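> okay, structure incoming, though there's no sequence with it:
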């Protein structure tokens, strides 16, 4: 089905979309500058800036919602596409797409009404912030406006695709049967979970799938939806979460600023003279870039664009290269700063710093194991070319030159993590400083960044943040209802009916997390599983900080395990290698790198916890 191009719509449509893009760029830049200014004023000039969060959170919500709107315009909202991705083009696939578009419009319209009720209620009570006296309804208006425009653009997509289907298929009609619902109290959770699974399977965007499950619980449970939007805002309106768009922006700037090239050149000097050495350089480079960007997709896009052609010229099989980089880019989800660990820490109510520290040892272990498996798989390949074997003095001089050139890139994670671990900066402040640092590095030192690329990074990061935070808003609302329905206790009762041994229960939880990771993207899996499972593991005596590492490794492995495997398919597309050529090597990486790391992380708490225990006591 041909995608609707909004740039060819009427003048009003272009004005609305252009205004949306500009608002995302301006809001994104404003948040960055305000946090950077606050950090400098507080630490350099000892000014009290404790009230600035009061106006930053409403600004951030407008950014999130406008980013979510742009996600609806470009159809960038995350989906767990189980069916249509494997269907051949034709009427059935188009009817399925229309069904999920209709459900998305229906669900977003319901939440638009709920958001409007919240706005009107806050206007009626006249509530204002204590210091700056900002009317509360202005913040909630962002949710209403955002959901309204998501509904409008979703409806435009639906109408366009319906006309296209009618024109192409001669008015073929589809009938969608609706299942009868039972309203017994003890069946509410089961029905809600079934609805969630069904709408996910047919490809409804994940935030709206969560909204669908929420709607079921509200209707069958007899809840008043008036408290849901304020609750979601209160949970998602966190200063800590501002680190998410800022780290995404920092990663986007660094990706465009040619930072990855310097890291690859530096590492290649040390290992390029060994057979498979360029593969090991790829793993280490992914880990280093991941520690800067905090994003697996950004890591694969940046390092992959550099190494795919280089490894092809060196004689590496394309399936091996794509599989290796797809597995290595997941290190960006584990090596701090990790966006997933920020989201986990926020949802679980734990320290972001502690969660960062728990994934360092599993991340380093994966670097070693992925490199070792890479060497083993290529041990008999006679087509691999290696770099010239210099003597020690020449190698040292060359390494020194390339390290000097890569120093601005290497300094970034030290600034971020040093500021956080020393207690000098919060993760959000460190993310803002990372953005401020990436701009001159990209513009002036590596000269890979220009004004057009800078604006593109603002728009891309704002849209991505909007998509993620819209999903977070929906999952916080749903998790509140699940807790009110006592879902964690019911899950624990099911697990303990098989065994009361915590080791066995952890095995079941690991299997569940792997399956969730196989079927969803990493962010959705984190947001869905954390609020449900953290109360469960707490009751069996597992530290929630330790559990952050378990979740991180599980979800990371799920990202390269079919059927969903987003990084595997991204690596296939970027590397030009069919997935079937990647599967053999991927299975070796899973069996001999991921699973051993998961076992160590799960059943030997000290493996993940020694570092946070050492640093944070």
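Perfect, thanks for sending it. Values in this document were obtained by computation on a predicted structure and should not be read as measured data.
> neighbours of the closest residue to residue 565 other than its chain neighbours, how many?
When the adjacent residues along the chain are set aside, residue 565 lies closest to residue 559, with 6.6 Å between them (CB to CB, 6 or more residues apart in numbering). C-beta coordinates here come from the backbone N, C-alpha and C atoms, glycine included. By other CB atoms under 10 Å, the residues close to residue 559 number 26.
> check residue 569 too.
Using other CB under 10 Å, residue 569 is surrounded by 17 other residues.
> kindly report the same for the one 5 residues further on.
The local packing count at residue 574 equals 17, with neighbours defined by other CB under 10 Å.
> that one: what's it in contact with?
300, 301, 304, 305, 308, 322, 325 (CB atoms under 8 Å, 6 or more residues apart in numbering).
> the one helix or strand the fifth one maps to - contacts with which helices or strands?
Read that as residue 308. Counting by DSSP states H and E, the element that carries residue 308 is helix 296-313. Packed against helix 296-313, as judged by 3 or more CB pairs under 8 Å, 6 or more residues apart in numbering; DSSP states H and E, are the following elements: helix 243-256, helix 259-271, helix 277-293, helix 318-328, helix 566-575.
> the ones you listed: which one's closest to residue 141?
With CB to CB as the criterion, residue 141 lies closest to helix 243-256 of the helices and strands packed on helix 296-313, at 19.7 Å.
> quick check: buried residues in the closest one?
Across helix 243-256, burial judged by 16 or more other CB atoms under 10 Å covers 243-256.
> how near is the residue lying closest to residue 375 once chain neighbours are set aside to residue 583?
Nearest in space to residue 375, with sequence neighbours left out and distances taken as CB to CB, 6+ apart, is residue 276 at 4.3 Å. Between residue 276 and residue 583 the computed distance is 20 Å (CB to CB, to the nearest Å).
> what about the two, which has more around it?
Using other CB under 10 Å as the criterion, residue 276 and residue 583 rank with residue 276 on top: 23 against 15.
> and that one, how far from residue 590?
Using CB to CB, one obtains 19 Å as the distance from residue 276 to residue 590.
> residue 216 now?
Per CB to CB, residue 216 is found 36 Å from residue 590.
> circling back to that earlier point, which ones are touching the residue nearest to residue 565?
Taking CB under 8 Å, 6+ apart as the test, what residue 559 contacts is 296, 330, 333, 517, 521, 522, 565, 566, 567, 568.
> among these, which one lies nearest to residue 287?
For residue 287, the nearest member of those is residue 330. The distance, counting by CB to CB, is 10.1 Å.
> neighbours around the closest one, how many?
Residues near residue 330, counting by other CB under 10 Å, number 29.
> which helices and strands sit right next to the lowest-mean-pLDDT helix or strand in the chain?
Here the helix or strand of the chain ranked lowest by mean pLDDT, DSSP states H and E is helix 259-271, holding a mean of 75. Contact partners of helix 259-271 among helices and strands, from 3+ CB pairs under 8 Å, 6+ apart: helix 277-293, helix 296-313, helix 392-421.
> what segments of the stretch 101-250 of the chain are helices?
Taking DSSP state H, counting those that start in this stretch as the criterion, the stretch 101-250 of the chain contains helices spanning 136-169, 188-201, 206-221, 228-236, 243-256.
> flag every buried residue along stretch 357-366.
Counting neighbours by 16+ other CB under 10 Å, the buried set in stretch 357-366 is 357, 358, 359, 360, 361, 362, 363, 365, 366.
> can you add pLDDT and secondary structure and give those back as a markdown table?
What follows is the buried residues of stretch 357-366, written out as a markdown table (pLDDT from 0 to 100; DSSP: H, G, I helix; E, B strand; the rest coil):
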| residue | pLDDT | secondary structure |
| --- | --- | --- |
| 357 | 92 | helix |
| 358 | 95 | helix |
| 359 | 93 | coil |
| 360 | 93 | helix |
| 361 | 95 | helix |
| 362 | 96 | helix |
| 363 | 94 | helix |
| 365 | 96 | helix |
| 366 | 96 | helix |
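> let me have these in CSV, adding distance to residue 32 as columns.
Below are the buried residues of stretch 357-366 laid out as CSV (distance: CB to CB, whole Å):
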residue, distance to residue 32
357, 26
358, 28
359, 26
360, 27
361, 32
362, 31
363, 27
365, 34
366, 32
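> quick one: contacts for the most centrally placed residue in the chain?
Using CA atoms, centre = their mean, the residue of the chain that lies closest to the mean C-alpha position is residue 523, 4.0 Å off. Listed by CB under 8 Å, 6+ apart, the contact set of residue 523 reads 78, 339, 340, 343, 468, 471.
> hmm, which of those is lowest in pLDDT?
Taking these together, the minimum pLDDT is found at residue 78 (72).
> roughly how far does the closest residue to residue 353 other than its chain neighbours sit from residue 518?
Closest residue in space to residue 353, ignoring its immediate chain neighbours: residue 420 at 5.9 Å, by CB to CB, 6+ apart. Distance check for residue 420 against residue 518: by CB to CB, it reads 32 Å.
> repeat that for residue 524.
Using CB to CB, we find residue 524 at a distance of 12 Å from residue 518.
> orientation of the host helix or strand of residue 588 relative to helix 318-328 in degrees?
Under DSSP H and E, the secondary-structure element containing residue 588 is helix 579-589. An angle of 50 degrees separates the directions of helix 579-589 and helix 318-328 when computed by axes from the mean of the first three to the mean of the last three CA atoms, to 10 degrees.
> which residues touch helix 579-589?
The contact list for helix 579-589, computed with CB under 8 Å, 6+ apart, reads 317-320, 322-324, 326-327, 370, 373, 376-377, 560, 562, 568-569, 571-572.
> could you work out the end-to-end span of stretch 374-386 for me?
15 Å (CA to CA, to the nearest Å).
> residues near residue 121, how many?
The number of residues packed near residue 121 is 16, by other CB under 10 Å.
> that one against residue 226, yeah?
Yes - distance between residue 121 and residue 226: 7.0 Å, which falls inside the contact criterion (CB atoms under 8 Å).
> list the buried residues of the host helix or strand of residue 27.
Here residue 27, judged by DSSP H and E, is contained in helix 11-43. Residues of helix 11-43 classed as buried under the neighbour-count rule (16+ other CB under 10 Å) are 16-17, 20-21, 23-25, 27-29, 31-32, 34-36, 38-40, 42.
> turn the contacts of residue 523 into a markdown table, including secondary structure and neighbour count.
As requested, the contacts of residue 523 are exported to a markdown table (DSSP: H, G, I helix; E, B strand; the rest coil; neighbours: other CB atoms under 10 Å):
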| residue | secondary structure | neighbour count |
| --- | --- | --- |
| 78 | coil | 21 |
| 339 | helix | 27 |
| 340 | helix | 26 |
| 343 | helix | 26 |
| 468 | helix | 25 |
| 471 | helix | 26 |
